[in-house]
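Asks: Pasting the sequence and the predicted model now:
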Amino acid sequence: MYRPNRRVLVRSIDDIGIEEVPPPQPGDHELLIRSTVIGVCGSDTHAALGHHPFIDLPYRPGHEVVGVVVAAGQGAEDLAPGTRVIIEPNLYCGQCDQCRSGRSGRSGRYNICRNLRVFGCQTPGGMADLFTIDAGRVHRVPESMSDLRAALVEPLATPVHAVAKAGDLTGRAVAVLGAGPIGLLVLAAARHAGAARIVVTDLLDTKRERAVRLGATDALPADAGDLVAQAQAVLGGPADVVFDCVAREQSMAQATDLVAKGGRIIVVGVGAAGTTPVRLDLVQDREIRIEGTLVYTADDYRGAIDLITSGAVDAEALVTATYPLEEAAEAFAASLRPEHVKVLITAAAP
């Protein structure tokens, strides 16, 4: 009996619906996967609002996906039907200088492939009953890991990558600007990396309270007039590293004021298109290093899996709502509300 494949289509934040398309078939080296859990990312809501600089509307989301292999195309048979997998959505060319720059035993720099596309951002994604993807873009879910916890691997891999960019954090003083899902996961990754003191900033009381519960030394109002003085009092001086998970003009100004001479600012959030002013006089005079960070590689996925299995990340505290696929519009709306951290969508078997 023919059953159409349900897939979420986002035209705008006020126009999110379900389209019915023919069930896909795996090609060579591809897997047919049934989605079980899909995360709603900040990039998803950012795009739905028309603010994401690299995602055009309409689009078909779903880059944070946990699923089960249904069938394998020729060349992908080592992943048998029934295997649980997590999608690694960066679609790279494998031929450019960045893709080919990896050291022996490492994943390379394919996260900044010159021809990079992201599954579920620039291509139709996995917010659907069924989808296909190259078998090289999946990771097996450990048997001991639930689907709920597995759904945090992709969003956690970005903070793991960002924290690795910061160098050795052992005994360091760290500031995290923004206590949304990514900011809270940066907090977890920085704690695991050995940071001694971590101050988190956010505009909302509820988010600051959650950051403290999850291990921040303190959490401060992002709009406080004396934010820098308060933060440095908590940290015992300027921050060795600042993670900007907001990426707006105000947060970059705060990061520049908060960071120590010779320190690092790691830009994790997705900034709006256009120019965000930066105090270049301070960057030059204080030898501040500002570095962007984009998604992850397989190494970061392995690190995220290790953090979750070790208990360093409290998945149950971070997942605050779950909706069925047919209520995707409600899930996007919930994700925008301040009381939520991570909103998940579940897809039943078609």
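Replies: That came through fine.
Asks: Please make it C-alpha for all contacts and neighbour counts, starting now.
Replies: OK.
Asks: And the helices in the stretch 51-200 of the chain?
Replies: In the stretch 51-200 of the chain, the helices defined using DSSP state H, counting those that start in this stretch lie at 147-150, 153-165, 181-192.
Asks: show me where the stretch 1-150 of the chain has strands.
Replies: Ranges of strands in the stretch 1-150 of the chain, per DSSP state E, counting those that start in this stretch, are 5-12, 15-21, 30-40, 64-72, 84-87, 90-91, 117-118, 130-134, 138-140.
Asks: And the ones you listed: which comes nearest residue 339?
Replies: strand 30-40 (14.6 Å; CA to CA).
Asks: neighbouring strands for that closest one, and are they parallel or not?
Replies: Using DSSP bridges, the strands paired with strand 30-40 are strand 64-72 (antiparallel), strand 130-134 (antiparallel), strand 342-346 (antiparallel).
Asks: on that earlier part again, looking at the strands of the stretch 1-150 of the chain, which is closest to residue 251?
Replies: strand 30-40 (23.8 Å).
Asks: what about that closest one, average pLDDT?
Replies: For strand 30-40, mean pLDDT rounds to 97.
Asks: Measure how it sits relative to helix 153-165, angle-wise.
Replies: Following axes from the mean of the first three to the mean of the last three CA atoms, to 10 degrees, one obtains 80 degrees for the angle between strand 30-40 and helix 153-165.
Asks: what about dumping the CA coordinates of strand 30-40 to CSV?
Replies: Extracted in CSV, the C-alpha atoms of strand 30-40 (Å, rounded to 0.1, in the frame of the first residue of the first chain):
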residue,chain,number,x,y,z
GLU,A,30,23.1,6.0,0.3
LEU,A,31,20.9,5.0,3.2
LEU,A,32,17.2,5.2,3.6
ILE,A,33,16.5,6.4,7.1
ARG,A,34,13.4,6.6,9.2
SER,A,35,13.5,9.6,11.5
THR,A,36,12.8,9.0,15.2
VAL,A,37,13.9,12.3,16.8
ILE,A,38,14.7,15.7,15.2
GLY,A,39,15.9,18.8,17.0
VAL,A,40,14.7,22.3,16.3
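Asks: can you offset everything so residue one is 166?
Replies: Noted, 166 is the first residue going forward, which turns the last one into strand 195-205.
Asks: Tell me how many other residues crowd residue 276.
Replies: 21 (other CA atoms under 10 Å).
Asks: still on that earlier bit, which one, of the strands paired with strand 195-205, ends up nearest to residue 320?
Replies: Here strand 229-237 is closest among the strands paired with strand 195-205 (CA to CA), at 7.2 Å.
Asks: centre of the chain versus the closest one, how much separation?
Replies: 19 Å (CA atoms, centre = their mean, to the nearest Å).
Asks: Specify which residues of the stretch 266-415 of the chain, grouped into ranges, have pLDDT under the cut-off.
Replies: 267-272 (pLDDT under 70).
Asks: Residue 182 contacts residue 174, doesn't it?
Replies: Yes - using CA atoms under 8 Å, residue 182 is in contact with residue 174, at 5.4 Å.
Asks: So the two - more neighbours on which side?
Replies: residue 174 (23 against 17).
Asks: which residues touch the more buried one?
Replies: 181, 182, 183, 184, 223, 224, 225, 226 (CA atoms under 8 Å, 6 or more residues apart in numbering).
Asks: mind checking how far it is from residue 499?
Replies: Residue 174 sits 17 Å away from residue 499, taking CA to CA, to the nearest Å as the criterion.
Asks: And for residue 400?
Replies: 34 Å.
Asks: Name the residue closest to the centre of this protein, please.
Replies: residue 320 (3.2 Å; CA atoms, centre = their mean).
Asks: wait, what's in contact with that residue?
Replies: Shown in contact with residue 320 (CA under 8 Å, 6+ apart): 206, 229, 347, 350.
Asks: If we use 10 Å, what do you get?
Replies: 204-207, 228-229, 346-347, 350-351, 460-461, 466, 469, 507 (CA atoms under 10 Å, 6 or more residues apart in numbering).
Asks: same deal with residue 409?
Replies: 340-343, 348, 351, 366, 416-417, 419-420, 430-435, 457.
Asks: Look up phi and psi at residue 449.
Replies: Torsion angles at residue 449 (phi, psi; degrees, to the nearest 10) stand at phi -70, psi -50.
Asks: got a pLDDT number for it?
Replies: So, for residue 449, pLDDT stands at 92.
Asks: same check, this time on residue 416
Replies: Looking at residue 416, its pLDDT reads 94.
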